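1. Compute the structure for the input listed below.
(one chain, ligands or ions: 1)
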Amino acid sequence: MFFDHLELAPADPILGLTDAYKADTNPKKINLGVGVYQNEHGVTPVLKCVKEAEKLLLETETTKSYLPITGHPEYGRLTRELLFGSESPLVSDGRAVTCHCPGGTGALRIAADFLYQQHVASRVWISDPTWGNHFQIIEAAGLKTERYPYYDRANHSLAFDRMLDTLEQAQEGDVVLLHACCHNPTGMDPTPEQWDEIASFLARKKLLPLIDFAYQGFGKGLEEDAYGVRKILERNSEVLIASSFSKNFGMYNERVGALTCVCANKDACVKATSQIKLTVRCAISNPPAHGEKVVINVLSNPDLRSMWEQELKEMRERMHRMRLLLADKLKAVGAGDFDFITTQNGMFSFSGLSKEQVEKLRAEYGIYIVGSGRICVAGINDENVDYLANAIAAVVKE
Ligand code: LMR
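-> Now for the predicted structure:
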């Protein structure tokens with residue numbers, strides 16, 4: 001018998017919630033678990049620009065042959081334009097390579113495999129709290145992990161001083177995993193001044209930044225959200241960035257992400273590219289094409305590009321509106337002061353609800369929230385917000 005010793009693994013704390021939500025028969029149930037955008041009708045739509053690009057693709061695609069190991073070079077160039085700005089020399093001066101990976105998760109895993117296999121580093125510092133999957137991905141690759149404090153729960157703010165104090169213990173050559181914007185799960189991002197300090201700190205301590213950039217455009221805007229990445233690049237010559245088009249293109253199931261490796265010079269980049277290609281070849285051989293071609297079509301066609309920016313803006317503004325509405329409703333029903341929700345960015349709000357309160361909301365109200373108290377604000381709409389606010393008030397008052 002080979003498999004009879006296996007233990008039952010727990011359900012995934014985020015994706016497992018979706019299964020439980022689907023099985024729930026409560027007609028008032030609300031899914032605020034997984035980080036997937038929902039419109040005002042509770043639907044996760046295919047963006048219009050994506051539909052248009054797909055039509056174009058259907059008409060013009062002539063082959064389904066393999067892509068290069070790193071994906072189409074144009075996809076890499078367009079990704080770097082978004083990351084660094086179209087005027088940045090890094091877009092095409094040969095110091096940076098971009099490799100299409102299946103989603104932001106795929107990019108993180110390829111980055112971790114590359115770091116471990118090439119003995120670039122052995123230890124990665126990760127924010128506490130963070131996206132639940134970070135530890136698993138990094139450790140599955142063989143790297144060690146350490147935690148740095150990030151969030152002050154009592155004051156609902158960034159624990160900036162404690163973060164840098166703890167990172168003082170990092171050794172030269174260690175990696176620091178940062179969230180470029182819309183920190184998952186807290187929604188709290190460093191201010192521009194704090195990013196400036198982080199950038200100088202990393203350079204002084206000779207630490208390698210690994211930046212998870214899964215939500216570009218969901219915070220303040222495409223350019224604004226890239227502030228931290230660009231600042232870090234001003235002061236640090238070597239950086240890894242895992243980006244994702246799952247959220248900002250709404251292409252969750254197409255698995256469209258990218259790993260960008262910025263090197264100190266062109267020669268180092270040629271060598272890094274060759275090793276990243278080996279890593280990809282062992283893991284997935286080469287990337288899936290559909291989502292990548294859609295991204296290329298949208299970003300390189302001026303009409304589709306402006307349609308995308310408009311749709312992205314609408315998603316961003318709707319999520320912000322729902323934050324304001326929820327904070328107002330919570331105040332109105334006497335749940336307390338939840339104004340901090342309105343200062344957080346992006347898709348997630350760290351509500352401060354305890355594990356017990358989260359469990360009660362699920363069992364008694366059919367409201368699904370991640371155990372840490374993280375709420376996906378995209379699941380809120382005008383129809384369900386009163387029910388939600390009353391339920392939260394009931395559990396916090398107990
Ligand atoms: C989330 O944090 O909910 C998303 O990034 C989806 C996931 O894979 O966990």
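2. hey, let's count contacts and neighbours off CA atoms from now on
-> Will do.
3. give me every residue that touches whatever residue of the stretch 151-300 of the chain ends up closest to the ligand.
-> For the stretch 151-300 of the chain, the residue positioned closest to the ligand under Cα to the nearest ligand atom is Asn184, at a distance of 6.5 Å. By Cα atoms under 8 Å, 6 or more residues apart in numbering, Asn184 lies in contact with Thr130, Trp131, Phe348.
4. Go through the residues you listed and flag which are in strands.
-> Among these, the members falling in strands (DSSP state E) are Phe348.
5. longest helix anywhere in the protein?
-> helix 302-332 (DSSP state H).
6. For the nearest residue to Ile369 once chain neighbours are set aside, identify the helix or strand it belongs to.
-> The shortest distance from Ile369 to any residue other than its chain neighbours is 4.6 Å, reached at Gly33 (Cα to Cα, 6 or more residues apart in numbering). In the assignment (DSSP states H and E), Gly33 maps to no helix and no strand.
7. shouldn't Gly33 be in contact with Ile14?
-> Yes - using Cα atoms under 8 Å, Gly33 makes contact with Ile14 at a distance of 6.3 Å.
8. list residues touching both of these two?
-> Taking Cα under 8 Å, 6+ apart as the contact criterion, the residues that touch both Gly33 and Ile14 are Val370.
9. So for these two, which sits in the more crowded spot?
-> Gly33 (26 against 18; other Cα atoms under 10 Å).
10. Residues of the stretch 51-200 of the chain that sit close to the ligand?
-> Counting by Cα under 6 Å from any ligand atom, the stretch 51-200 of the chain comes close to the ligand at Trp131.
11. Tell me where the stretch 51-200 of the chain has helices.
-> Assigned by DSSP state H, counting those that start in this stretch, the helices in the stretch 51-200 of the chain fall at 73-84, 103-117, 133-140, 160-167, 192-205.
12. ok, and which of those has the densest surroundings?
-> For the helices of the stretch 51-200 of the chain, the largest average neighbour count (mean count of other Cα atoms under 10 Å) is found in helix 103-117, namely a mean of 24.
13. For the closest residue to Gly221 other than its chain neighbours, the count of nearby residues, please.
-> Nearest residue to Gly221 in three dimensions, chain neighbours excluded: Lys313, at 7.6 Å (Cα to Cα, 6+ apart). For Lys313, the neighbour count with other Cα under 10 Å is 19.
14. hang on, the earlier thing: so which of the helices of the stretch 51-200 of the chain is nearest Arg318?
-> Evaluated with Cα to Cα, the helices of the stretch 51-200 of the chain place helix 73-84 nearest to Arg318, the distance being 22.5 Å.
15. Need the residues that contact the closest one.
-> By Cα under 8 Å, 6+ apart, the surrounding residues in contact with helix 73-84 are 86-88, 90-92, 97-100, 222-223, 226, 229-230, 258, 260, 292-293, 295-296, 299-300.
16. No further queries at this time; thank you.
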